[in-house]
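**Q** pasting the sequence and the predicted coordinates here, then a few questions.
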Amino acid sequence: MEVRIETLERRGKRLWQVRLGRRAVTFEHEQAARAFAAQLHLRVSWLREQAESLDSCPT
């Protein structure tokens, strides 16, 4: 899954939607959407690394 930013038009207003799979969060301000997407991307990357390191650890 990848973090995506999409633009929407609702009631004549431009909105930005950050998506990860089926989940989405909508923002009125582009900068807020971009900041959230960046943080989400870092968190998802970290979680993937943690899962990979657990898979490679001998038990």
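**A** In hand now; what should we look at? Residues are numbered from 1 along each chain as shown.
**Q** buried stuff in stretch 29-48?
**A** By neighbour count with 16 or more other CB atoms under 10 Å, stretch 29-48 contains the buried residues A33, F36, A37, L40. Quick note: C-beta positions are derived from backbone N, CA and C, even for glycine.
**Q** now do the helix or strand hosting the third one: which elements does it pack against?
**A** To tie it back to what came earlier, the one meant is A37. Per DSSP states H and E, A37 falls inside helix 30-56. Counting by 3 or more CB pairs under 8 Å, 6 or more residues apart in numbering; DSSP states H and E, the packing neighbours recorded for helix 30-56 are strand 3-10, strand 13-20, strand 23-27.
**Q** what about the shortest one, distance to the chain center?
**A** Right, the one you point to is strand 23-27. Here strand 23-27 is found 9 Å from its chain centre; the criterion is CA atoms, centre = their mean, to the nearest Å.
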